[in-house]
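A.B. asks: Quick one: sequence and predicted model below, then my questions.
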Amino acid sequence: MVNDVGGRPDGVIRRGAQPAEKAVIALVVASLRGGGAPRQAVILANAFAARGQIVHLVVIQPEGALRSAVAPCVRLVSLESRMLRLPLVRSNRRLQVVASIPPLVRYLRHERPDVLVAAASHVHRAAIWARCLARTETRLVLRASNHLSRSAWNTKRWPRPLLPVFARLFYPWADGFIANSEGIADDLSRVAGIPRERITVIPNPVVTPELKEQACVPLDHPWYRPGQPPVILGVGRLTTAKDFPTLLHAFARLRATRRVRLIILGEGKGRSRLTVLAEQLGIAADLELPGWMDNPYRYMARSAVFVLSSAWEGLPNALIEAMACGCPVVSTDCPGGAAEILQGGVYGPLVPVGDDAALAEAIASVLDNPPERERPQTRARYYSADLATERYLQILLGVAGISQPHEPESESARPGADEAYAHSPTLLPQRPGERAGVLRSE
């Protein structure tokens, strides 16, 4: 069953009743729990709706802390079914993909959105099959935010070779592709066999006015009071990709020579491993793992340095968020967008992946010689939600064949436009017999 949730209208949106300049844009995500992909989907959904588009945020499992962040003008649609509520299915991503296809097919047939945007590789699979089975004219855009090659290598749910094979066979069925960094675009092209010119790079819509407001919210934490040792901050899921054990080893090196403290915001299956490692390294008293926070920005604004210790990334939102809060940063030179964000080390040190000695040395250097807090903020402006939203709408409306109400500002004329925006999209032709801009009746 497909349900409207969160107090949204229950009535069917009738396509013929909408003004021709508007599009119905559906974004599908796995859940509204904390995390990069759901957070970006909520930001985009709210921004699209604020610009006059009709927006559906379609979620496989509607629970999560981000639900309250969805704007009232966004229609929140739950795909949750009896099968998806089974504990075995809820705990198994592969089964979630299979179980979400029938309700997603029903949604597409009933609502007929102009374009469906799917984020994360497991959501890609559900969206590809659902669009095929629904046999509607909805255009499908796949948004890549992490390395497909790394997902295939690291996953235990699918045999290692299966993800690239699936991608090569079925990803070409999509009508458009968006990657959040050059590295992700190159990886998607290589693994899925998608011509590079078909992939548009649009950085994540990270920096919002709400982020800056939340950074100013008071933080009553004893470690941040005057006269306390500097706090090193890490943010992210406690998973293999984030490689927090390397950060703990680096912190132990620092703790041996100076008074410092470490806070890691996030939750995940790696919590117990980190707790045991902290005891073994003798740093447990100076480490705090408070779990996932809906407002990490007030921590970022008050920490001495933010550290990204990841083994691989897509485009690390937390790194951009920390910079937007004025926090000095240190990062591993991991596959993904970290080097792009820091412009090769211009805006913060880059160290080899897994090298705790180099990481400790870089952190110490930043603690001893902190940069002006305005410097990282300057770079973070390139990842504003306004710039990303404008670019997304240009691509999505073009893929859907819907004319835009006005021509977007040229890239060269926009102050601070990031060079990643210079890639113009290659749009697929209309399907035979289809007219651009036609609003289809149910």
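C.D. replies: Good, I have the coordinates.
A.B. asks: for the stretch 151-300 of the chain, what are the low-confidence residue spans?
C.D. replies: For the stretch 151-300 of the chain, the stretches flagged by pLDDT under 70 are 151-161.
A.B. asks: repeat that with 80
C.D. replies: Scanning the stretch 151-300 of the chain for pLDDT under 80 picks out the ranges 151-164.
A.B. asks: try the stretch 1-150 of the chain
C.D. replies: Scanning the stretch 1-150 of the chain for pLDDT under 80 picks out 1-21, 34-36, 62-63, 80-94, 96-97, 148-150.
A.B. asks: Tell me where it has helices.
C.D. replies: Applying DSSP state H, counting those that start in this stretch to the stretch 1-150 of the chain gives helices spanning 36-50, 87-90, 93-111, 121-134, 148-154.
A.B. asks: With distance to Ala284 and mean neighbour count as added columns, please give these in TSV.
C.D. replies: C-betas here are computed from N, CA, C, even on glycine. Shown next, in TSV, are the helices of the stretch 1-150 of the chain (distance: least, Cβ to Cβ, whole Å; neighbours: other Cβ atoms under 10 Å):
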stretch	distance to Ala284	mean neighbour count
helix 36-50	28	23
helix 87-90	32	13
helix 93-111	32	20
helix 121-134	35	22
helix 148-154	28	18
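A.B. asks: Nearest to Ala304, out of these?
C.D. replies: Between Ala304 and the helices of the stretch 1-150 of the chain, the tightest spacing by Cβ to Cβ is seen for helix 36-50, at 24.1 Å.
A.B. asks: can I get the helices of the stretch 1-150 of the chain in TSV with distance to Gln343?
C.D. replies: Putting the helices of the stretch 1-150 of the chain into TSV (distance: least, Cβ to Cβ, whole Å) gives the following:
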stretch	distance to Gln343
helix 36-50	21
helix 87-90	41
helix 93-111	35
helix 121-134	28
helix 148-154	23
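A.B. asks: Can you give me the neighbour number for the closest residue to Asp175 other than its chain neighbours?
C.D. replies: In space, Asp175 comes closest to Arg139 once its chain neighbours are excluded; the distance is 4.4 Å by Cβ to Cβ, 6 or more residues apart in numbering. Arg139 is flanked by 25 other residues according to other Cβ atoms under 10 Å.
A.B. asks: So what sits opposite Arg139 in the bridge?
C.D. replies: Beta-bridge partners of Arg139, counted by DSSP bridges, are Val115.
A.B. asks: So Leu289 lies in a strand, does it not?
C.D. replies: Yes - remark: Leu289 belongs to a strand, assigned using DSSP: H, G, I helix; E, B strand; the rest coil.
A.B. asks: Go ahead and confirm it touches Thr275.
C.D. replies: Yes - assessed by Cβ atoms under 8 Å, Leu289 is found in contact with Thr275 at 7.1 Å.
A.B. asks: Could you check which of those two has the larger neighbour count?
C.D. replies: Applying other Cβ under 10 Å to Leu289 and Thr275 shows that Leu289 carries more neighbours, namely 17 against 13.
A.B. asks: Give me the distance between that one and Pro245.
C.D. replies: In this view, Leu289 and Pro245 are 13 Å apart by Cβ to Cβ, to the nearest Å.
A.B. asks: Between these two, which contacts overlap?
C.D. replies: By the contact definition Cβ atoms under 8 Å, 6 or more residues apart in numbering, Leu289 and Pro245 are jointly contacted by Leu274.
A.B. asks: Am I right that Ile178 is in contact with Val141?
C.D. replies: Yes - shown here, Ile178 and Val141 form a contact pair, counting by Cβ under 8 Å, at 6.2 Å.
A.B. asks: okay, and the common contacts of those two?
C.D. replies: By Cβ under 8 Å, 6+ apart, Ile178 and Val141 have these common neighbours: Val117, Ile395.
A.B. asks: picking that back up, residue contacts, the residue nearest to Asp175?
C.D. replies: Each residue near Arg139 by Cβ under 8 Å, 6+ apart is listed here: Asp114, Val115, Leu116, Asp175, Gly176, Val399, Ala400, Gly401.
A.B. asks: same thing but 7 Å
C.D. replies: By Cβ atoms under 7 Å, 6 or more residues apart in numbering, the contact list for Arg139 reads Asp114, Val115, Asp175, Val399, Ala400.
A.B. asks: likewise Leu104?
C.D. replies: Contacts for Leu104 were tallied using Cβ under 7 Å, 6+ apart; they are Leu79, Ala126, Ala130.
A.B. asks: Check Met300 too.
C.D. replies: So Met300 contacts Ala215, Leu233, Phe306, Glu321, Ala322, Cys325, Cys327 (Cβ under 7 Å, 6+ apart).
A.B. asks: Also Pro316?
C.D. replies: Leu308, Ser310, Gly336, Gly337, Ala338 are the contacts of Pro316 under Cβ under 7 Å, 6+ apart.
A.B. asks: go again using 8 Å as the cut-off
C.D. replies: Shown in contact with Pro316 (Cβ under 8 Å, 6+ apart): Leu308, Ser310, Ser331, Gly336, Gly337, Ala338, Ile341.
A.B. asks: State the pLDDT value of it.
C.D. replies: On pLDDT, Pro316 comes in at 91.
A.B. asks: what about it, distance to Met323?
C.D. replies: Separation of Pro316 from Met323 (Cβ to Cβ): 10 Å.
A.B. asks: Which two among the contacts of Arg139 are spaced furthest apart?
C.D. replies: The widest separation within the contacts of Arg139 (Cβ to Cβ) is 10.9 Å, between Asp114 and Asp175.
A.B. asks: So which of the two has more stuff around it?
C.D. replies: Neighbour count, other Cβ under 10 Å: between Asp114 and Asp175, Asp114 has more, with 26 against 19.
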